[in-house]
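K.L.:
Pasted the sequence and its predicted model underneath.
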Amino acid sequence: MSPIARLRQGDRLVLATHNAGKLKEFQELFEPFGLELTSAGELGLPEPEETGTTFAENARLKAHAAAQASGMLALSDDSGLCVDALNGDPGVYTADWAGVPRDFSHAMKRVEDALQAANATSPGQRKGSFNATLCLAHPDGRDVIYHGQCFGTLVWPPRGERGHGYDPVFMPDGYDITFGQMTAEMKHSWAPGRLGLSHRARSFAKFVEQQIEQ
């Protein structure tokens, strides 16, 4: 198959998500490039069941479902929190730990309870990483995968009301505040040609380098 053509200013792209927080983050990341970003939720597309056991598998499921349903180029993000002391959990089940409907206050408490049960009380025992895998899929079945990772420490109680998901309990390495205390600009710390701080910004930097005409 031929490679997917580079995106240009004015091109339209569907983000394969029904998560408003994730859509907002991607709109912020895409802002410098003049691309039109809509979401699977806004288009009323069905939400596929995430049956994969890896971030890449779930990213592919979502991107291809959105591309085929919309007939448009689709970008998905499968991301999650992997905690060392919990053997990588919640991992691909990061959103599931929040229950239905999603309650991330409950999810953060569930992670903390699991850490306490594992006697992981010192900062060195509470290490983990946020992971983000992007999949850009074409309606004809072609796709490309990009992965980004940010390492840090799980803190308790939650700090800050910014961001979304588990941000208030994740303090990235080299900082003394959580993602939940950072502005979007600080959390991403990304600009064209830079790696960025967050897991999503890091995967996005790789995507931009290869997929967006600059």
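P.N.:
Sure thing, it's come through.

K.L.:
Can I get the worst-scoring helix or strand of the chain on mean pLDDT in PDB, CA atoms only?
P.N.:
Across the helices and strands of the chain, mean pLDDT, DSSP states H and E gives its lowest value to helix 20-30, namely a mean of 83. C-alpha atoms of helix 20-30 as PDB (Å, rounded to 0.1, in the frame of the first residue of the first chain):
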ATOM      1  CA  ALA A  20     -14.800  15.600  25.300                       C
ATOM      2  CA  GLY A  21     -11.600  16.000  27.400                       C
ATOM      3  CA  LYS A  22      -9.500  14.100  24.800                       C
ATOM      4  CA  LEU A  23     -11.000  16.100  21.900                       C
ATOM      5  CA  LYS A  24     -10.100  19.400  23.700                       C
ATOM      6  CA  GLU A  25      -6.500  18.300  24.200                       C
ATOM      7  CA  PHE A  26      -6.200  17.400  20.500                       C
ATOM      8  CA  GLN A  27      -7.800  20.600  19.300                       C
ATOM      9  CA  GLU A  28      -5.100  22.400  21.400                       C
ATOM     10  CA  LEU A  29      -2.400  20.300  19.800                       C
ATOM     11  CA  PHE A  30      -3.700  20.700  16.300                       C
END
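
K.L.:
For the strand or helix carrying residue 112, which helices and strands make contact with it?
P.N.:
In this assignment (DSSP states H and E), residue 112 forms part of helix 104-117. Helices and strands touching helix 104-117, by 3 or more C-beta pairs under 8 Å, 6 or more residues apart in numbering; DSSP states H and E, are strand 74-83, strand 143-154. All C-beta spots, glycine's among them, are computed from the backbone N, C-alpha and C.

K.L.:
and the first one, how far from the chain's centre?
P.N.:
Right, strand 74-83. Here the centre of strand 74-83 is set off from its chain's centre by 4 Å, with C-alpha atoms, centre = their mean, to the nearest Å.

K.L.:
quick one: average confidence on it?
P.N.:
Per-residue pLDDT over strand 74-83 has a mean of 96.
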